[in-house]
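Colleague: Sequence isn't available, so here's the structure alone:
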Ligand SMILES: [Mn+2]
Ligand SMILES: [Mn+2]
Ligand SMILES: [Mn+2]
Ligand SMILES: [Mn+2]
């Protein structure tokens, strides 16, 4: 697959009018659907606000003239039909709208609403494409509710085991199927295996996939560039630890008799940092994002602790080495303190290289739109990681203020968002191809 | 004040019949009033279950023939009148019935229900005392709701500042007065200062105070002894820390750019342990019982952390040295990691030596009842610590299984509880004195 070259981009893109202010307003409106007070955003899978956000996304798709369909998990597709051959596999762009507790308005949301805006602008331009194009909102990219990220895209590429999904529980002990029904999906009594089967997209079912996202890092802003052309997505892994010691009264349980599960967790968190720094590679990151001690009272020695660790690298072997070292360290620390330990590797996914065809389409689009850009690696986890298993895949990054993400002060400017959506629209046009029968000016003026 | 000697203890105590099985049933019944499923007990100040527990305690006092009164904070007194001179200051015994999350049935509760059972047995014996005796349930010995322990006894001895109490907030942001009204107290629109004033007991207002409690340590069980005669209560202090770093996406925020508040908390917890071990004194204990990271998601670098540390020792100077060292370490660690820090010393109370008169009364009672005993230090915090400021004070410990406390498997046997309540009853009789006009057999057979 090679990207089509568009004869007169400037003329065509004068008609494909992206509205950054509409997009900005939509992002603000979606931000209101949060369990915490905006700009702090908390939107948990299948919660009331998640369901309201889904309704809002579907309404925008309909307004943009897209044909909406949802799969049994709640992946939401909005298709622009009327192409030269609507039977061809579509070019797809999308991201997620769920948000971890106390995060921001742009992560994921830009890629969902930006794709809809891109398709709206293409549709309103009158441009006819060779293939259908689709905007897509994935279910649960964030791991907040069930501890597993990218549930929607894992299911789409057939990488999610029904038994494993059934084994997951949220903080209230609710299982996935029950939660899914609570969100208004899989109401027909289907089993988890049937739900996953119904969400599956075979290889070739998507012609190309491209995801627009804020960088979530400082590089573009620091270098004063408009667009990041993503060449690979770093390989993420995560592991949870549960420790059980003795616990007791903080005054009465003397130091020599303690088996303090909280101190095991503390030592482990510092060890996680040491292993990440130990590779001496800037690409290795390891984080103890969850550290809970139980019962959690000032006058009670922690009897139990729960720790969740995230490890990423662009080098899979190095990442796996750090992960193994962290688990070994946890075992050593727990043994030293006579504390029981259990661990579970939640995910350990391979990195995804982006496809040359999509990289080229994005790079050419940025160039032709007169935007500055650089090639870069995505260090964050995205649904594109899994889409890469069934389709040629790429990503477009735009700058975000201070490189900040997963925080209420996450921000991208309207100008940067406009640059991103225009690049996305043009790349999708290139990937879908312009119909021969098209009577758009750019073509006529050839 | 010297304890009265009782001419024929065996004859008298044959009439003062303590029922361990009634006490056991009452402890079980109170255990049902819990926010968590028994044997895990959670009973938070002024919560629904705390109010129900108060009603239950008052009903037991009434059944035991005691005259019930409550102060504006909810300290509950049950008085046995009919003494030789009811105008004399009473001998008081009591403890608390609130329980930290996921703790046990015996901590505090034994001392409340045990005192009521002791007074019931004295009353039913027909024995007449020189002074009135009282059973007392203190408000909020545990610091769970407002981070401050012994609110009831601090107020009684005039050691609680209204401004400070007003500054405290529970996890939902509720202030003390509002919570107090929620529990059914201080309904009359009184200010905090007026509430505290109304709870104050002047020095001399209590003739003697003795608290019965489970040991919360392994010493009595290990040595096979029945009774611990407490000679001093270790000096507790606690300090809270709040750290603010940068936070961000666990994949995108590279290691050199992190200011991870969770790692500051982890280092501090280990430093707390090191400072406690560093005194080389078995009596020094320091605990990081609360360690919270925020936002607390696996893929988010901790932006904030909250830590609560408890330090105790029988040597006040040494305890204060450890506390200062911990705060200095926190400052060094936070500075090293470029994380902002705030700290607050929540309490830093002096240790309380017990009064010779009460120690002697307890020791003689154990001896005369044929029980084995030892002198010991209370390493845990008790309301007795504050009662010692207004009255001659002592404590009686009984063994608890494995030295375990603040846990669901906290346990004392009926035999040990019976020994404790009989010792308490006899010590109270000694401290209150037997009336000259008394026609009980032990006296008659002189
Ligand atoms: Mn995210
Ligand atoms: Mn995202
Ligand atoms: Mn306690
Ligand atoms: Mn207690």
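Modeller: Arrived safely. Just so it is clear, the structure is predicted and the values come from calculations on it, not from any experiment. Ligands and ions are numbered 1, 2, ... in the order given.

Colleague: Next, count neighbours for the residue of the stretch 301-446 of chain A found nearest ligand 2.
Modeller: Of all residues in the stretch 301-446 of chain A, the one sitting closest to ligand 2 is residue A:382 (5.9 Å; CB to the ion). All C-beta spots, glycine's among them, are computed from the backbone N, C-alpha and C. When neighbours are defined as other CB atoms under 10 Å in any protein chain shown, residue A:382 has 30 of them.

Colleague: Provide a list of residues in contact with the residue nearest the centre of chain A.
Modeller: Compute the mean C-alpha point of chain A, and by CA atoms, centre = their mean the closest residue is residue A:382, 3.3 Å away. Each residue near residue A:382 by CB atoms under 8 Å, 6 or more residues apart in numbering or on different chains is listed here: A:95, A:141, A:150, A:211, A:213, A:233, A:395.

Colleague: Swap in 10 Å and give it another go.
Modeller: A:95-96, A:107-108, A:111, A:138, A:141, A:149-150, A:153, A:211, A:213, A:216, A:230, A:233-234, A:236, A:352, A:388, A:393, A:395, B:251 (CB atoms under 10 Å, 6 or more residues apart in numbering or on different chains).

Colleague: next one: residue A:120
Modeller: Contact analysis of residue A:120 by CB under 10 Å, 6+ apart lists A:16-19, A:22-23, A:60-61, A:63-66, A:78, A:80, A:135, A:421, A:425.

Colleague: Kindly give a single ChimeraX line that selects the buried subset of the residues you listed.
Modeller: With 16 or more other CB atoms under 10 Å in any protein chain shown as the criterion, this ChimeraX line picks the buried residues out of the contacts of residue A:120:
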select /A:16,18,19,23,60,61,64,65,66,78,80,135,421,425
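
Colleague: among the contacts of residue A:120, which are in helices?
Modeller: A:22, A:23, A:60, A:61, A:63, A:421, A:425 (DSSP state H).

Colleague: can you redo these as CSV with distance to residue B:115 and pLDDT?
Modeller: Output for the ones in helices among the contacts of residue A:120, formatted as CSV (distance: CB to CB, whole Å; pLDDT from 0 to 100):
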residue, distance to residue B:115, pLDDT
A:22, 72, 96
A:23, 69, 97
A:60, 68, 98
A:61, 70, 98
A:63, 72, 97
A:421, 73, 98
A:425, 78, 98
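
Colleague: residue in the stretch 1-150 of chain A nearest to ligand 4?
Modeller: In the stretch 1-150 of chain A, the residue that lies nearest ligand 4 is residue A:101 (34.9 Å; CB to the ion).

Colleague: Need the pLDDT of residue A:436.
Modeller: Residue A:436 carries a pLDDT value of 79.

Colleague: which element is it on?
Modeller: Under DSSP states H and E, no helix or strand contains residue A:436.

Colleague: Surely it touches residue A:85?
Modeller: No. When contacts are counted by CB atoms under 10 Å, residue A:436 is not listed as touching residue A:85 (11.2 Å).

Colleague: joint contacts of the two?
Modeller: Residues within reach of residue A:436 and of residue A:85 at once, by CB under 10 Å, 6+ apart, are residue A:130.

Colleague: hmm, back to that, please flag which of the contacts of residue A:382 sit within strands.
Modeller: A:95, A:96, A:138, A:211, A:213, A:230, A:233, A:236, A:352, A:393, A:395 (DSSP state E).

Colleague: before we move on, back to that, now, which of the contacts of residue A:120 lie close to ligand 2?
Modeller: When contact is defined as CB under 5 Å from the ion, those do not meet ligand 2 at all.

Colleague: Contact partners for the closest residue to residue A:340 other than its chain neighbours?
Modeller: Using CB to CB, 6 or more residues apart in numbering or on different chains and skipping the chain neighbours, the partner closest in space to residue A:340 is residue A:244 (4.4 Å). Going by CB under 10 Å, 6+ apart, residue A:244 touches A:259, A:261, A:264, A:294, A:303, A:304, A:305, A:334, A:339, A:340, A:341, A:342.

Colleague: Beta-bridge partners for the residue lying closest to residue A:351 once chain neighbours are set aside, please?
Modeller: Among residues not flanking residue A:351 along the chain, residue A:235 sits closest, at 3.6 Å (CB to CB, 6+ apart). In this entry, residue A:235 is beta-bridged to residue A:313, by DSSP bridges.

Colleague: The one 4 residues further on now?
Modeller: Taking DSSP bridges, one obtains residue A:309, residue A:345 as the residues bridged to residue A:239.

Colleague: Now do the contacts for it.
Modeller: Applying CB under 10 Å, 6+ apart to residue A:239 gives the contacts A:272, A:307-311, A:323-324, A:326-327, A:330, A:343-348, B:298.

Colleague: From residue B:102, how far out is it?
Modeller: Separation of residue A:239 from residue B:102 (CB to CB, to the nearest Å): 26 Å.

Colleague: Could you check the pLDDT of the residue of chain A most remote from its centre?
Modeller: Within chain A, the residue lying farthest from the chain centre (CA atoms, centre = their mean) is residue A:252, at 48.0 Å. Here, the pLDDT recorded for residue A:252 equals 83.

Colleague: and the residue of the stretch 151-300 of chain A found nearest ligand 2, what are its bridge partners?
Modeller: Here the stretch 151-300 of chain A gets closest to ligand 2 at one residue, residue A:213, 5.9 Å apart by CB to the ion. Residue A:213 has these beta-bridge partners by DSSP bridges: residue A:397.
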